[in-house]
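Asker: prediction below, plus the sequence it came from.
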Amino acid sequence: MAPEKARRRPVQARAQVTYDAILQATAQVLVAEGFDKASTNRIAKVAGVSVGSLYQYFGNKEGVFTALIDQVCDEQIALLQGMAGAMLAAPLPVAARAYVEALLATHERDRAMHEAISQQAAHLGLPGLRRVQAESRRVVRRYLEAHADAILPTNLDLAAFALVGMVQGMVDSAFFCEGAAAWPGLAEEICRVVLRYLLGHDAAPA
């Protein structure tokens, strides 16, 4: 069953403060205690609001967590969209490095949150994560289309799918593997994989 969405979004500034406090508390509870141990009562207590106030915006615990994860996904999409224009005219090694480093930086900044979200993705069936993947593929495909004469793949939809899955998988794995995210040269190695796929040779990242 799909998780319940927020009952209503705040309109007034004061209501927005309450809504944001609930989501911030949800993040704290998710990281500290995990999804299974969390409850709406616990989230409301950490947020400093009544549980009745929480239920004005969310129908159940799943709805609160889904709203939080949608917020994180919206931030990632905004980052991708902000990078897209600057990346479009950049040489392939430069664009690949910028994309990989942005993903690594995002994960490092919210490391515990990303781990907790990944653990709940299958449980909640989150549409937000699918939106991030779709936007990532759109941004990557647009870049590939602009540089189609310089790359080997000809099926750009498939190439965008492969690249997004490949890079995202390596970045996620780095943060689940103890110490891997701090390996020297991690970004360079991921970029080499990307460039070998697109160019067919061992091009050194810029």
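Answerer: Thanks, I have the structure now.
Asker: and the longest helix for this protein?
Answerer: Ranked by residue count and defined by DSSP state H, the top helix of the chain is helix 61-88.
Asker: just checking, what packs against that one?
Answerer: Packing partners of helix 61-88 (3 or more Cβ pairs under 8 Å, 6 or more residues apart in numbering; DSSP states H and E): helix 13-33, helix 40-47, helix 92-109, helix 111-124, helix 127-146. From N, CA and C alone the C-beta is placed, and that goes for glycine too.
Asker: distance to Cys73 and mean neighbour count added to those helices, as TSV?
Answerer: TSV is the format used below for the helices and strands packed on helix 61-88 (distance: least, Cβ to Cβ, whole Å; neighbours: other Cβ atoms under 10 Å):
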stretch	distance to Cys73	mean neighbour count
helix 13-33	13	18
helix 40-47	19	19
helix 92-109	11	18
helix 111-124	9	16
helix 127-146	4	18
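Asker: in terms of mean pLDDT, which of those helices ranks lowest?
Answerer: Per-stretch averages of pLDDT across the helices and strands packed on helix 61-88 put helix 111-124 at the bottom, with a mean of 65.
Asker: neighbours of His201, how many?
Answerer: Around His201 there are 8 other residues, counting by other Cβ atoms under 10 Å.
Asker: quick check: the gap between it and Cys177.
Answerer: His201 is 28 Å from Cys177, where distance means Cβ to Cβ, to the nearest Å.
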